[in-house]
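Q: Got a sequence here, can you build the structure:
(one chain, ligands or ions: 1)
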Amino acid sequence: MSKEIKIFSPATVANVACGFDVLGFCLDTIGDNMVIRKTEEKGIRITKIVGHDLPYEVEKNVAGVSALAMSEDLKPDCGFEIEIYKNIKPGSGIGSSSASAAGSVYGMNELLGKPLDKIKLTYYAMKGEAVASQCEHADNLAPAIFGGFTLVKSACPLHVLELPTPSNLYATLIHPQIEIKTSESRAILPKDIPLQNAITQWANVGSLVHALHTSDYDLIKNALNDVVIEPFRKQLIPNFDNIKSAAIDTGALGCAISGSGPSIFALSHGEVTAKKVEEAMQNVYSKTNIEFETYVSKINTEGIKTL
Ligand code: HSE
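A: The predicted structure is shown next:
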């Protein structure tokens, strides 16, 4: 059995407008690379981090915490070294911490001969994710590990539903280069919501799930609305309303905050529209002095993978 594995751990979009903390989908043009290596010496060590300034202490690093949780339960007859080549900027809203947390446990599981299924991997990865967001949720982890669209039916006990991906659905993302910490972006949310907003939101979630099952692009468009979270969080993202109008005017099915922001995503029917939406988003942000990056990605139905 191999002693070392190189993996691609993808970026993800959580919430998908109406599905706060439950819906997510997986991207394929952006993600981290990681190398996981078996060692004779037991324990977990982070030996290399390239790209961003993250802690090497295992207990403070999300990849380390998820690896420790898995290792403490499985008690393997070996240890592991982790190298992280971080392309997803922390605090970007596209699942940076989830990619790290999922990557270590996925790699260890492969090297151990796959004793764990995807649900168990998600469970251990949640322990790492909790370090970053100060709560255990799996709406970035599930799509990273399962691929495609996922719905987290419950976090405890962990129950993940895999949803179908319409074949011609593309995502466009803009990542303004400001950092929003998930914990802070959660702290500004109200504890209670008006009943009418809850009714609108769960109607949208149900409709979106149905639309994914039936590849009904008109219904996707109709359902991609968030009346619960976006009104509070959008104030953290400069030009959010302008980006959203530009995306929708250019033909996007919908546009909303990616995870806890600052990234903003749009979904489009077809790559041509998704690229036009990218240009429209670039036009809006070019007029500001905030640096940004944009991406167009097909929905990644495979998820995390060995390279
Ligand atoms: N569902 C989470 C949130 C995703 O929006 O706070 C970010 O980790």
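
Q: Kindly provide the distance from E162 to N15.
A: Per C-beta to C-beta, to the nearest Å, E162 is found 17 Å from N15. Bear in mind the C-beta positions are built from the backbone N, C-alpha and C, glycine included.

Q: Got the confidence number for T29?
A: Listed pLDDT for T29 reads 86.

Q: got it, and C135?
A: Reported pLDDT for C135: 67.

Q: What of T182?
A: 85.

Q: now the one 10 residues further on
A: Confidence per residue is given as pLDDT, and for D192 that number is 96.

Q: And for E179?
A: Listed pLDDT for E179 reads 86.

Q: got the contact list for the residue in the stretch 1-150 of the chain positioned nearest to the ligand?
A: Distances between the stretch 1-150 of the chain and the ligand by C-beta to the nearest ligand atom are smallest at A14, namely 3.9 Å. By C-beta atoms under 8 Å, 6 or more residues apart in numbering, the contact list for A14 reads D21, L23, G24, G95, D139, N140, P143, S258, G259, S260.

Q: And M1, what's its pLDDT?
A: Listed pLDDT for M1 reads 59.

Q: what about stretch 61-72, near the ligand?
A: No - between stretch 61-72 and the ligand, judged by C-beta under 6 Å from any ligand atom, nothing touches; the nearest distance is 11.4 Å.

Q: Centre of the chain to that stretch, how far?
A: On the basis of C-alpha atoms, centre = their mean, to the nearest Å, stretch 61-72 sits 19 Å off its chain's mean C-alpha point.

Q: quick check: mean pLDDT across that stretch?
A: pLDDT averaged over stretch 61-72 gives 96.

Q: same thing with stretch 39-46?
A: Taken as a whole, stretch 39-46 has a mean pLDDT of 96.

Q: Okay, and V35 sits in which element?
A: Using DSSP states H and E, V35 sits in strand 23-39.

Q: what angle do the helix ranked longest in the chain and strand 23-39 make?
A: Secondary structure of the chain per DSSP state H: the longest helix is helix 195-214. Calculated by axes from the mean of the first three to the mean of the last three C-alpha atoms, to 10 degrees, helix 195-214 forms an angle of 70 degrees with strand 23-39.

Q: Counting by contacts, list what helix 195-214 packs against.
A: Judged by 3 or more C-beta pairs under 8 Å, 6 or more residues apart in numbering; DSSP states H and E, helix 195-214 is in contact with strand 158-163, helix 217-223.

Q: buried ones in that helix?
A: Neighbour-count burial for helix 195-214, with 16 or more other C-beta atoms under 10 Å as criterion, is recorded at T200, Q201, N204, V205, S207, L208, V209, A211, L212.

Q: can you list contacts of that helix?
A: With C-beta under 8 Å, 6+ apart as the test, helix 195-214 has contacts from 16-20, 22-23, 149, 151, 163-166, 193, 216-217, 219-220, 222-228.

Q: rewinding a little: give me the subset of the contacts of A14 that also touch the ligand.
A: Answer for the contacts of A14 near the ligand (C-beta under 6 Å from any ligand atom): D21, D139, N140, G259, S260.

Q: What's the ChimeraX syntax to select whichever of these are buried?
A: Selection of buried members from those for ChimeraX, criterion 16+ other C-beta under 10 Å:
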select :139,140,259,260
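
Q: The stretch 201-307 of the chain: strands as residue ranges?
A: Per DSSP state E, counting those that start in this stretch, the stretch 201-307 of the chain carries strands over the ranges 254-257, 264-269, 292-298, 305-306.

Q: So what touches the longest one?
A: Pointing back at strand 292-298 there. Under the contact criterion C-beta under 8 Å, 6+ apart, strand 292-298 has outside partners 27-30, 169-177, 271, 274-275, 278, 281-282, 285.

Q: Could you pull out the buried residues of it?
A: F292, T294, Y295, V296, S297, K298.

Q: so what strands line up beside it?
A: Next to strand 292-298 in the sheet, as set by DSSP bridges, lie strand 169-176 (antiparallel).

Q: swap in the shortest one?
A: Strand pairing for strand 305-306, determined by DSSP bridges: strand 4-14 (antiparallel).

Q: Pairing partners for L267 in the sheet, please.
A: Beta bridges link L267 to A171, G254, judged by DSSP bridges.

Q: quick one, what contacts it?
A: L267 touches L169, Y170, A171, T172, I220, L224, A252, L253, G254, C255, counting by C-beta under 8 Å, 6+ apart.

Q: Please apply the same query to T47.
A: If a contact means C-beta under 8 Å, 6+ apart, then T47 has E81, I82, E83 as its contacts.

Q: So the first one: helix, strand or coil?
A: What it means is E81. strand (DSSP: H, G, I helix; E, B strand; the rest coil).

Q: Could you list the domains of this protein?
A: Domain ranges of the chain: 4-163, 169-298, per automatic domain parsing.
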